[in-house]
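> with the sequence up front, the predicted model follows.
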Amino acid sequence: MSVENAPVVDVDEAAIPVEKKMYYRFESNDKKEFRVSELAIQQSETLNRLVEAMGYTSEDVENKPAIAIENIDGKTLKLVFQWCEHHKGEAIPVDDGSVPKIVEIPEFDAKLMDIDNGLLFKLIWAADYLNIVQLLNVSCKKVANMAQGKTPAQLRRVYLLPSDEEDEAAKRAAQEAQDPRAREVEEEFEERKRQGGNSFF
Amino acid sequence: MAENVAPPPSVQGLKLYICALATLHMPVWNAYKIFCEQHGVIDFPEFEFWYYRFYRGHFDFNYDRRLAPKTRSFTELPIHIFEMVGEHLDMFDRLIVRQVSKTLQSLIDTPTPKISKITVKFWETSSILEFDDEMITFSRGFMSTKKQKLATPTGPHWAHALSYLLPVFQNPKLKLKILGLHYFDVENSERFNKMLQIAQNKICEKSIAQNKKFHVEKLSIIPNYDTMDLNVLMALQYLDKGVLREIDVVNRVDGITDNKNILEKLVGLEQFQAIQTIECKGKMGGDPGSMAFFLNSPRVSFKLFRKMTAKELAEMIKTLMKSTVLEKFHLSPPDMYNFPAKSLSKMLTQPEFFKAKGVPANIRFHKIQEDQFYKIDITEQLITIEKVEND
């Protein structure tokens, strides 16, 4: 996909200091390209380290290929970068170890995360992978909020969580589907462990 | 090319209903509940998928869901994400979530609990669990907090409270600064002690550490009935003597004289002997039997519930001087009363009472055999006995 046709994340340019006005290009695993400000990238520890290590100049970011983020699709990455642009320049929160954590979900974040669970879990996964602390905080808080007031049966339904019986059945099915020779080896290994050994070697 | 088969009208009708709900922009779970009430239960992800499509303005009813990008399920997330979500849950929700499955139970229980104070209150018609500032009430078939309320299965409120408390105590990493116990009757204490015993056994089953004791720095007990049975203090035997520093008992400490066997058993407990401070409020005579409760603790703080004469107070102080471990003793008068400070000071300085030197406001008592000195300060609001250097 060409840069001209790439989806562009809304950017408040007035908020960006002149000397920081450099935009990096990233590409999702479904080949969607995004231009993201240097200040917004700082919200992601992973990406920030990556661009620092690359040491790109303004010319490089335009002329070299977009940086590929192979684990994240375009729909999720768009949400991630929208969040980063909105929160650019904000301090990265430090975990104070308190439980339950006190996290308020700002209005912008609440709207951004008004999405189905499947996409929300992808967003959480992406925030974790890219190490965006505050996005991870608010998205985990959103999942926790959804759990409030629900019975165990309702939680199983919302999050597609298997019950103990379903867990056991899945394990049995996996075992039955396993190659018979591999299962024999596993059983032999377990037997040796029971007898005090911890290895075949 | 796959043949395009039109969905049956009933499916279209259901989608139309979901679409109508989506236009109201209510939370998806509320919309789902309304839908289920009207049309029966359907798969939540299926509902959610269509709800958000319509919510975003995509009204193509014939859209083939198989064409939608693959999403992730909650169970596909890394374990540390589960733990992070768990950190955003308050105790009420954690106790519910751990009932979903053994897998979630293990994930909820694995991190070190960040609870420093648990208070358990048993009343006649309700039981209350307080985890730091969060309060969960079990009453009339419900468990509730300020924010939410859930129905509990049939059974007494105390049984539900204890069943939710058990997993908390089963976590070997639990470290409490304060454990508070409010009992309505003696059976409550027996049930609570039994729960501690079960939790202790479970921990021992899972770990190589035998006879694991609970980490509690201060035990606070408030029996809410007239005749306190010292069994309420037997929870001590499950606590780590190396950690326990203080015990706070309110009301009816005089009852201990009625139950000599329990008293002897209690005072004999290594946990009791290791306590640094005992704080008590209650009636007390000056007899050696009731005083034995305090004689094994270096620091005692006691608030009287009834007025005592100067003679009774003097006898009590005399008994305390027999302690071999006493370092500091504070005695406060009942509310609205003053100590008879002058007559007590005068009594203590009588040579025939016991060997004491000094002036009424600052009496020094010399235990000749042990060569130890105690300073006794008497005011109308406080009597202090403190071990001092001989200077």
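Okay, I see it. Because the structure is predicted, anything quoted here is derived from the model rather than measured. Numbers count the residues shown, from 1 in each chain, chains lettered A, B, ... in the order given.
> quick one: the helices in chain A?
Secondary structure of chain A (DSSP state H): helices located at A:38-41, A:45-54, A:58-63, A:74-86, A:107-112, A:117-129, A:133-147, A:152-159, A:164-177, A:180-194.
> and if you look at the stretch 1-150 of chain B?
Taking DSSP state H, counting those that start in this stretch, the helices of the stretch 1-150 of chain B run over residues B:9-23, B:28-39, B:44-55, B:79-87, B:91-97, B:102-109.
> got the angle for the first one vs helix B:44-55?
By that I understand helix B:9-23. 60 degrees (axes from the mean of the first three to the mean of the last three Cα atoms, to 10 degrees).
> show me what helix B:9-23 is packed against.
For helix B:9-23, the elements it packs on are helix B:28-39, helix B:44-55, judged by 3 or more Cβ pairs under 8 Å, 6 or more residues apart in numbering or on different chains; DSSP states H and E. Quick note: C-beta positions are derived from backbone N, CA and C, even for glycine.
> tell me the most buried of the ones you listed?
Highest mean neighbour count of the helices and strands packed on helix B:9-23: helix B:44-55, a mean of 20 (counted as mean count of other Cβ atoms under 10 Å in any protein chain shown).
> so is that one next to chain A?
Yes - for helix B:44-55, a contact with chain A is found by Cβ under 8 Å from any Cβ of the partner chain, at B:Phe44, B:Pro45, B:Glu48, B:Phe49, B:Tyr51, B:Tyr52, B:Tyr55.
> residues in contact with that helix: which ones?
Helix B:44-55 is contacted from outside by A:114-118, A:157-158, A:160, B:15, B:18-19, B:21-23, B:25, B:28, B:31-32, B:35, B:60, B:63, B:65, B:68, using Cβ atoms under 8 Å, 6 or more residues apart in numbering or on different chains.
> returning to what we had before: can I get the helices of the stretch 1-150 of chain B in a markdown table with mean pLDDT?
Shown next, in a markdown table, are these (pLDDT from 0 to 100):
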| stretch | mean pLDDT |
| --- | --- |
| helix B:9-23 | 79 |
| helix B:28-39 | 84 |
| helix B:44-55 | 83 |
| helix B:79-87 | 85 |
| helix B:91-97 | 86 |
| helix B:102-109 | 77 |
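> distance to B:Ser345 added to the ones you listed, as JSON lines?
Output for the helices of the stretch 1-150 of chain B, formatted as JSON lines (distance: least, Cβ to Cβ, whole Å):
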{"stretch": "helix B:9-23", "distance to B:Ser345": "81"}
{"stretch": "helix B:28-39", "distance to B:Ser345": "71"}
{"stretch": "helix B:44-55", "distance to B:Ser345": "77"}
{"stretch": "helix B:79-87", "distance to B:Ser345": "58"}
{"stretch": "helix B:91-97", "distance to B:Ser345": "51"}
{"stretch": "helix B:102-109", "distance to B:Ser345": "57"}
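> of the ones you listed, which approaches A:Leu130 most closely?
helix B:79-87 (13.5 Å; Cβ to Cβ).
> list the buried ones in the closest one?
Residues B:Ile81, B:Phe82, B:Met84, B:Val85, B:Gly86, B:Glu87 are the ones in helix B:79-87 that count as buried (16 or more other Cβ atoms under 10 Å in any protein chain shown).
> likewise for stretch B:181-193?
For stretch B:181-193, by 16+ other Cβ under 10 Å, it's B:Leu181, B:His182, B:Tyr183, B:Phe184, B:Val186, B:Asn188, B:Ser189, B:Arg191, B:Phe192, B:Asn193.
> any chance of those in TSV with pLDDT as columns?
Converted to TSV, these look like this (pLDDT from 0 to 100):
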residue	pLDDT
B:Leu181	89
B:His182	86
B:Tyr183	81
B:Phe184	76
B:Val186	73
B:Asn188	82
B:Ser189	83
B:Arg191	89
B:Phe192	90
B:Asn193	89
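> as CSV, the residues you listed with secondary structure would be great.
Conversion of the buried residues of stretch B:181-193 to CSV gives the following (DSSP: H, G, I helix; E, B strand; the rest coil):
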residue, secondary structure
B:Leu181, strand
B:His182, strand
B:Tyr183, strand
B:Phe184, coil
B:Val186, helix
B:Asn188, helix
B:Ser189, helix
B:Arg191, helix
B:Phe192, helix
B:Asn193, helix
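> what's the domain layout of chain B?
Chain B breaks down into these domains under automatic domain parsing: B:9-71, B:76-111, B:113-275.
> so which of those is the most packed in?
Neighbour counts (mean count of other Cβ under 10 Å) averaged over each of these peak at domain B:76-111, with a mean of 19.
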